[in-house]
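[1] the sequence isn't on hand, but the structure is:
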């Protein structure tokens, strides 16, 4: 055990604030600061840069408590002008199992483990939403973090423990529903069918897409809804005008706010020519009869004549 005392004496000049940072392995309690220990304001260097994400560490065995060695905010900048920055931004898990490559201990502790954790989450979000900017990803991570300690931002865990699934929900775009068949609205007769098929497009490639077809059942079509992407042949047995709706919903439960539609108009079958040419006539008895014509071949002329 070595006891070290540090004394700083002002020789001349105006009073200035002096900050001294003690770096080392405090997780194993290899040293103890007996006087003037000030965890607050211990974030400096690149972690204090405004556009950087400063990450605090949370032990995997207790994910609600910040590590005792995790640097705390705020971060004070004195040059070129004095300002106080809100740091850390977020917190993530350490004490995780690693391969040990590169000489890292297993389990791996420290903000050196927590910071790569968040970098990996950011990479996943970039893959999930490739058109999202780095600023939007940083804000999504902060705004979706699980709050720890006092409500809102604090100088221990920033905005809280990183939650990549919640961040993805913030960046998620609703899917787009497209009806492939029929290509346009259609008019059919009762008893006829229409073939339906659709496609869901999702910029985020969300897994677990679900589908819903409504064939105007609420308008009297009597056709049940379908949960298939391509319901196929559907027979319409009732007359009327029916709005068919196709809605896609992604794995986060976000549905297309403007689902695809087709209008199917169903009419009674048209009368045939035979039905139109048959007309009733009144005979002497007041009954309706249908007159018939017969055709007979004439042997003398070899032609045909009509005989009533």
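    Perfect, I can see it now. All figures in this text were calculated on a predicted structure; none of them were measured in a lab. Numbering: from 1, shown residues only.
[2] residue 266 sits in which helix or strand?
    strand 260-267 (DSSP states H and E).
[3] got the buried residues for that strand?
    For strand 260-267, burial by neighbour count (16 or more other C-beta atoms under 10 Å) applies to 260, 262, 264, 266. No exception for glycine: its C-beta is placed from N, CA and C like everyone else's.
[4] so what sits opposite the first one in the bridge?
    Following DSSP bridges, residue 260 is listed with bridge partners residue 246.
[5] in contact with it, which residues?
    Counting by C-beta atoms under 8 Å, 6 or more residues apart in numbering, residue 260 makes contact with 177, 178, 179, 198, 245, 246, 247.
[6] pull out the buried residues from these.
    Among those, those buried by neighbour count (16+ other C-beta under 10 Å) are 177, 179, 198, 245, 246, 247.
[7] just send the contacts of residue 260 back as CSV, with pLDDT too.
    Shown next, in CSV, are these (pLDDT from 0 to 100):
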residue, pLDDT
177, 96
178, 96
179, 97
198, 95
245, 96
246, 96
247, 97
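[8] quick check: the farthest pair among those?
    By the measure C-beta to C-beta, the contacts of residue 260 have their two most distant members at 178 and 245, which lie 12.6 Å apart.
[9] tell me what residue 108 is bridged to.
    Using DSSP bridges, the bridge partners assigned to residue 108 are residue 96.
[10] right, and it touches residue 95 too?
    Yes. Using C-beta atoms under 8 Å, residue 108 is in contact with residue 95, at 7.4 Å.
[11] what's around residue 61, how many residues?
    Neighbours of residue 61 under the rule other C-beta atoms under 10 Å: 9.
[12] quick one, strands of the stretch 151-300 of the chain?
    Counting by DSSP state E, counting those that start in this stretch, the stretch 151-300 of the chain has strands at residues 176-181, 186-189, 193-201, 210-214, 232-235, 240-249, 260-267, 281-282, 288-289, 294-297.
[13] residue 125 is nearest to which of the ones you listed?
    Closest approach to residue 125 among those is made by strand 193-201 (20.2 Å; C-beta to C-beta).
[14] now the closest one against strand 240-249, angle please.
    30 degrees (axes from the mean of the first three to the mean of the last three C-alpha atoms, to 10 degrees).
[15] show me what strand 193-201 pairs with in its sheet, parallel or antiparallel.
    Note on strand 193-201: by DSSP bridges, its sheet partners are strand 176-181 (antiparallel), strand 232-235 (antiparallel).
[16] can you list the weak-confidence ranges in the stretch 1-150 of the chain?
    For the stretch 1-150 of the chain, the stretches flagged by pLDDT under 70 are 23-32.
[17] at which residues are the strands of it located?
    Assigned by DSSP E, counting those that start in this stretch, the stretch 1-150 of the chain shows strands spanning 55-59, 75-77, 83-85, 90-94.
[18] out of the ones you listed, flag the one nearest residue 204.
    strand 90-94 (22.1 Å).
[19] for the closest one, packing partners?
    The contact analysis (3 or more C-beta pairs under 8 Å, 6 or more residues apart in numbering; DSSP states H and E) places strand 90-94 against strand 55-59, helix 111-128.
[20] now mean neighbour count and distance to residue 166 too, for these, in TSV please.
    Formatted as TSV, these follow (neighbours: other C-beta atoms under 10 Å; distance: least, C-beta to C-beta, whole Å):
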stretch	mean neighbour count	distance to residue 166
strand 55-59	26	16
helix 111-128	17	11
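[21] let's have these in CSV, adding distance to residue 34.
    Listed next are the helices and strands packed on strand 90-94 as CSV, based on distance: least, C-beta to C-beta, whole Å:
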stretch, distance to residue 34
strand 55-59, 24
helix 111-128, 24
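[22] name the nearest of the buried residues of strand 260-267 relative to residue 251.
    Nearest member of the buried residues of strand 260-267 to residue 251, counting by C-beta to C-beta, is residue 260, at 19.7 Å.
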